[in-house]
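In: Here's my sequence, what's the structure:
(chains A and B)
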Amino acid sequence: MTDTALVSDAPPPAARPLVRLRQLDLFGAVVTLATLAGAVVWAFPLYWGLVTTFKPETEIVQPGVHLWPQNFTFENYAHVLMQTKIGLWYVNSLVTSGAVTVIVVVMAAAAGYAISQLEFPGRRVFWAMILASFMVPIPALIVNHFVLMSQFGWINTLQGVVAPQLIAPVTVIIYKQFFDSVPKDFREAAVMDGANDFQLLFRIYLPMNWGITTALAIITFIGAWNLFLWPFLAVSSEEKLNVAVGITQVHDAFGVQYGRDLAVAMLAALPVAIVYLIFQRRVTQAIMLSAGIKG
Amino acid sequence: MSAIPGNKGGAAAPHVELRRVTKRYGVVTAINDLTLTVEKGSFTALLGPSGCGKSTLLRMIAGLERISAGQCFLDGVDVTDVAPAKRRIAMVFQSYALYPHMTTRQNIAFSLSLAGASRKEQDERTHEVARILQLEDYLDRRPAELSGGQRQRVAIGRALVRHPEVFLFDEPLSNLDAKLRVQMRLELAKLHATLHATMIYVTHDQTEAMTLADKIVVLDRGRVAQVGSPLELYNRPANKFVAAFIGSPSMNFLPVGLTAVEGGIATVALPGGRTARVRVGGAPAKAVATAELGVRPEHLSLVVADDANAALRGEVAIVEHLGNLTLLYVDTPAGQVIVEGPGNVSVRSGDTVGLSLREANARLFGADGASL
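Out: Numbering: from 1, shown residues only, chains lettered A, B, ... in the order given. This next block holds a predicted model:
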């Protein structure tokens, strides 16, 4: 081998991947910065709202942007907690949202199971009706709901808040699709073991789809917690309000008090955020577990 | 066992009996007027190609498939309309169907818990089954954490814990690799020897059927093609379908002319000019002018091309060395035939060879496929 062969102008073999890596790094940095900017834009109103709750009202209405309170105070929270019925509204929200979640999940799972697994006269018609009801926006039925609840004598009651929210065709559709995907061997094995349909649903089908049940329960709970229009129409008594409607009562009673309004909004959102953060991990685990077993 | 309609003979009482059953799916008939009896304590294999109706038949016995016509008896009791769980039958599914959210212990005890058995009884019976199947160390694992063989054992355990009268197996080994399949086959044979329970086993794998079963029911398009012991089916196939299905490599079929039938021996003219003498059943063969001669690969021997004993001559197309034996694909005037030779055969592709025929083992089939 000569010196000429040993020396070469060509870049060493590792150089090319390195250049590519640098290019990738640059691209990655740009993407990271862009997403970071997006996150800041998204999170800033939340930050601004939170910070405002710790400012006195006089400081809030002052011109200029102050990212941190000049006079830090809990007065807004103290006022909301002491002078309003937010505790009762929490309980109302908890009761109605909890009831809606439990009933919707159980009812939708049962309906989804029936349509997916059972043979009965009118099954196709039943399924078509559920699909059709999915296409009707719920607010379009709000007058009918009001009249119906009024005839039941359920206006200004918690059951009156709950009942119209039990129409959940999407949940039935999702359950039906998931139950369709369960291999029929599981059903037949359980039938051979002596399971009836209730046992099949509650001991085989629901546990096998625990991930989707958890996800649907969370979505339903959050939806019920945040629901405004129907509870706003169905309830006028301050004792029966939920948190979402209660916020407007704070506004009405005290005029435009930004600090107090935002403090009650933060308190209203807090339980949902906590619930979601807790159950989000369980949803992920459940989905991973299902995927692992089915794989 | 018998596939003869209306058969009530035999000393042993039938444990499971299907009487003239038919299964239709719309216009498609999966099982057609089939009668079958299975004796108590026997290991019976339902064997056939995909779509022959063997799984449908098993599911009809289990009660998972409604019978379109006919009756199913268990211990002499008509169970045609009895719910699956009340038939005292357990089934092991091809996919095992282990509940993924339950541990091995819960899977095995599930039927007991549904039946309302006490926790103590559930524990006792689960441990008894786990001991038999060597699953004691895996009782708290979920199916995803078990190997294929362990899952298979849990599936058997789930059946075993119910103390059923009849075990049904629907291709239970088809998801296992070759080595594990052999191991599980032995375990199933041991289990049958221990329990003496009636077992009905569906498979398309003739090796499984031949090695495990006392009796094999060969099914063809929803009908029973033949019932018999493994060796009966291998040595005396009732028709061309069974002859072709049983045995690997498959039996060779050579078109022959029937020249004479005398004293139960038929003389046939082979393609290429030679003749052979084959044992036949008798009278029916006389009326047949042409037939097919069935010869298994191991009943053909390689000889030199101009050997006086060569029934056929041909050119070797492919040679497959399998170590202990050699498979040769030989192009003859009768078409390509497979010959099984010893492992040390030195013949190569392109060589011309003679094939001698062991006439005592050859079978003759008529135009309708029935054995003559």
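
In: Next up, identify which helix or strand residue A:36 is on.
Out: Using DSSP states H and E, the element containing residue A:36 is helix A:15-53.

In: what comes up buried for that helix?
Out: A:49, A:51, A:52, A:53 (16 or more other C-beta atoms under 10 Å in any protein chain shown). Every C-beta, even on glycine, is put in place using the N, C-alpha and C of the backbone.

In: Give me the pLDDT for the first one.
Out: This points to residue A:49. Per-residue pLDDT puts residue A:49 at 93.

In: go on, the last one?
Out: At residue A:53, the predicted lDDT confidence score is 94.

In: OK, contacts around it?
Out: Residues counted as contacts of residue A:53 (C-beta atoms under 8 Å, 6 or more residues apart in numbering or on different chains) are A:76, A:77, A:259, A:262, A:263, A:266.

In: OK, contacts around residue A:61?
Out: By C-beta under 8 Å, 6+ apart, the neighbours of residue A:61 are residue A:258.

In: let's go with 10 Å and repeat that
Out: A:55, A:256, A:258, A:259 (C-beta atoms under 10 Å, 6 or more residues apart in numbering or on different chains).

In: where's the residue nearest the centre of chain A relative to residue B:300, distance?
Out: What sits nearest the mean C-alpha location of chain A, by C-alpha atoms, centre = their mean, is residue A:219, with 3.8 Å. Separation of residue A:219 from residue B:300 (C-beta to C-beta, to the nearest Å): 71 Å.

In: what's the neighbour count on the closest residue to chain B within the stretch 1-150 of chain A?
Out: Nearest residue of the stretch 1-150 of chain A to chain B: residue A:119, at 11.1 Å (C-beta to the nearest C-beta). Counted with other C-beta atoms under 10 Å in any protein chain shown, residues neighbouring residue A:119 total 6.

In: cool, residue B:199 as well?
Out: Close neighbours of residue B:199, defined as other C-beta under 10 Å, add up to 23.

In: Same check on residue A:245?
Out: Neighbours of residue A:245 using other C-beta under 10 Å come to 25.

In: how close does it sit to chain B?
Out: Residue A:245 is 40 Å from chain B, where distance means C-beta to the nearest C-beta, to the nearest Å.

In: Please, which helix or strand holds that residue?
Out: helix A:243-254.

In: Same check on residue A:172?
Out: Here residue A:172, judged by DSSP H and E, is contained in helix A:169-180.

In: So the following helix or strand past that helix, near chain B or not?
Out: The helix or strand immediately downstream of helix A:169-180 is helix A:184-193, counting by DSSP H and E. Yes. Interface with chain B: helix A:184-193 contributes A:184, A:185, A:186, A:187, A:188, A:189, A:190, A:191, A:192, A:193 (C-beta under 10 Å from any C-beta of the partner chain).

In: Tell me the buried residues within these.
Out: A:185, A:186, A:187, A:188, A:189, A:190, A:191, A:192, A:193.

In: How about the contacts made by the fourth one?
Out: Right, residue A:188. Taking C-beta under 10 Å, 6+ apart as the test, what residue A:188 contacts is B:59, B:62, B:63, B:64, B:65, B:84, B:91, B:93, B:97, B:170.

In: What distance do you get for the fourth one to residue B:72?
Out: When distance is defined by C-beta to C-beta, residue B:64 is 12 Å away from residue B:72.

In: show me where chain B has helices.
Out: Secondary structure of chain B (DSSP state H): helices located at B:54-62, B:104-114, B:119-132, B:148-160, B:178-195, B:206-212, B:230-235, B:240-245.

In: between the third one and helix B:104-114, how many degrees?
Out: Between the axis of helix B:119-132 and that of helix B:104-114 there is an angle of 130 degrees, by axes from the mean of the first three to the mean of the last three C-alpha atoms, to 10 degrees.

In: Alpha carbons only: can I get helix B:119-132 in PDB?
Out: Provided in PDB are the C-alpha atoms of helix B:119-132 (Å, rounded to 0.1, in the frame of the first residue of the first chain):
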ATOM      1  CA  ARG B 119     -64.000 -19.900  48.200                       C
ATOM      2  CA  LYS B 120     -62.500 -22.900  50.000                       C
ATOM      3  CA  GLU B 121     -63.800 -25.300  47.300                       C
ATOM      4  CA  GLN B 122     -62.600 -23.000  44.500                       C
ATOM      5  CA  ASP B 123     -59.100 -22.900  46.100                       C
ATOM      6  CA  GLU B 124     -59.000 -26.700  46.600                       C
ATOM      7  CA  ARG B 125     -60.100 -27.600  43.100                       C
ATOM      8  CA  THR B 126     -57.900 -24.900  41.500                       C
ATOM      9  CA  HIS B 127     -54.900 -26.200  43.400                       C
ATOM     10  CA  GLU B 128     -55.700 -29.800  42.400                       C
ATOM     11  CA  VAL B 129     -55.900 -28.900  38.800                       C
ATOM     12  CA  ALA B 130     -52.700 -26.700  39.000                       C
ATOM     13  CA  ARG B 131     -50.900 -29.700  40.500                       C
ATOM     14  CA  ILE B 132     -52.000 -32.100  37.800                       C
END
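
In: could you give the angle of it to helix B:148-160?
Out: Orientation check (the same axes, to 10 degrees): helix B:119-132 against helix B:148-160 gives 130 degrees.

In: Of the residues of helix A:184-193 next to chain B, just say which sits nearest to residue A:37.
Out: residue A:186 (48.5 Å; C-beta to C-beta).

In: Could you check what's spatially nearest to that closest one, not counting adjacent residues?
Out: Here the nearest residue to residue A:186 in space, its sequence neighbours aside, is residue B:97; by C-beta to C-beta, 6 or more residues apart in numbering or on different chains that works out to 5.3 Å.

In: The one you found is in contact with residue B:158, isn't it?
Out: Yes. Residue B:97 lies in contact with residue B:158 (C-beta atoms under 10 Å); the separation is 8.7 Å.

In: more crowded one of the two?
Out: Shown here are residue B:97 and residue B:158; by other C-beta under 10 Å, residue B:158 has more neighbours (28 against 23).

In: residues touching that one, list them.
Out: Taking C-beta under 10 Å, 6+ apart, one finds A:189, A:192-193, B:90-93, B:96-99, B:104, B:107-111, B:126, B:129 in contact with residue B:158.
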